[in-house]
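# how would this look folded up:
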Amino acid sequence: MIQVAILTRRLKEGKTYEDFRKAWYHTVGFGTGNRMYTVVNAFDSREIIVIGFTETTVENVMAELKIDVKERLNHSLDAVIEPTIGRTFGLLVSEDDFSAEGAIDYRPPTLLGEETDLEQFAQDLKRVADAISEASAERDRAKKERDTSSP
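Okay, the predicted model is just below:
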């Protein structure tokens, strides 16, 4: 399965994409196929959108989320971005190629060349949502503890 994360952040006034990148860049990898695509909004250069694709299993999601939580706690973006962050997480259900010119026949959803089992997909999606909620709560607890213990 391929987990997808879309995070939208807004740079603080006077901060640059390079400032963001230096604070955001991971120092620990996930140990699995992962690609991050960073987008700067054409109409608002302070808006940074990161779209991540991680090849994983339902069983590994929590371990990978713990890596990300630790990275964010150890490498805070607070000095670079506004406090509000848009977070969207999901699973890739289908990949479609509409490159051909002319008419294209309908195809059922497929991923990596195999038809998507939509019933299994729904079960996996629920399990991943639960894992993400748990990791988010853990991150928020740890951040609150860190912020209240700092002078």
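# mind listing the helices for this structure?
Secondary structure of the chain by DSSP state H: the helices cover 17-24, 58-74, 118-149.
# among these, which is nearest residue 44?
Nearest to residue 44, of all the helices of the chain, is helix 17-24, at 12.3 Å by CB to CB. C-beta here means a position set from N, CA and C on the backbone, and glycine is covered the same way.
# Show me how far the closest one is from its chain's centre.
When distances are taken as CA atoms, centre = their mean, to the nearest Å, helix 17-24 is centred 16 Å away from the chain's centroid.
# which strands and helices sit next to it?
strand 34-40, strand 47-55 (3 or more CB pairs under 8 Å, 6 or more residues apart in numbering; DSSP states H and E).
# Pull out the buried positions in stretch 70-81.
Across stretch 70-81, burial judged by 16 or more other CB atoms under 10 Å covers 72, 77, 80-81.
# Now do residue 99 against residue 49, distance only.
Counting by CB to CB, to the nearest Å, the separation of residue 99 from residue 49 is 24 Å.
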